[in-house]
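Peer 1: fold the stuff below for me.
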Amino acid sequence: MNSQIDALKASLDKLSGEMGEMSQMAAQHFDELHDAVNNVASHTLAMEAIIAAMLANIEIDQQAVTNWIRAKTAEFSSPEHGESAAETIARDFLANN
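Peer 2: This is a model prediction of the structure:
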């Protein structure tokens, strides 16, 4: 009976160790994902700042922008879904600059 309890304890200890390793790996992956998202957001903000400065001197045809977005996303979207997030962002960005 003691050998069965010892074997069960050893299995539980092994499982506990593996769960701890999985938790550490998940935390590491989460940190890496957070850094990647932060990096993308920082690049996006920098590009928006540059474009905003350019828009102060250049007039942009909003419909041309919308048409370009629709052409590039036509394969992945359908008209019945309405305006895409990209179209909304572009429209709002152009309206604010």
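
Peer 1: report the longest helix in this structure, please.
Peer 2: Counting residues, the longest helix in the chain under DSSP state H turns out to be helix 2-55.

Peer 1: domain map for the protein?
Peer 2: 1-58, 59-97 (automatic domain parsing).

Peer 1: deepest of those domains, which one?
Peer 2: Ranked by mean neighbour count, the domains of the chain are led by domain 59-97 with a mean of 12 (mean count of other C-beta atoms under 10 Å). C-beta here means a position set from N, CA and C on the backbone, and glycine is covered the same way.

Peer 1: mean confidence for stretch 55-75?
Peer 2: Averaging pLDDT along stretch 55-75 gives 90.

Peer 1: quick one: end-to-end length of it, please.
Peer 2: Taking C-alpha to C-alpha, to the nearest Å, stretch 55-75 runs 29 Å from one end to the other.

Peer 1: check stretch 74-94 too.
Peer 2: The first and last residues of stretch 74-94 sit 22 Å apart, counting by C-alpha to C-alpha.

Peer 1: what sits up against stretch 56-76?
Peer 2: 77, 84, 86-87, 90-91, 94, 97 (C-beta atoms under 8 Å, 6 or more residues apart in numbering).

Peer 1: quick one: contacts for Glu83?
Peer 2: Shown in contact with Glu83 (C-beta under 8 Å, 6+ apart): Arg91.

Peer 1: before we move on, back to that, and the domains of the chain, which one's lowest on average pLDDT?
Peer 2: Mean pLDDT is lowest for domain 59-97 among those, at a mean of 86.

Peer 1: and the gap between the residue nearest to the spatial centre of the chain and Ser77?
Peer 2: Centroid-nearest residue in the chain, with C-alpha atoms, centre = their mean: Val37, separated by 5.8 Å. Val37 sits 24 Å away from Ser77, going by C-beta to C-beta, to the nearest Å.
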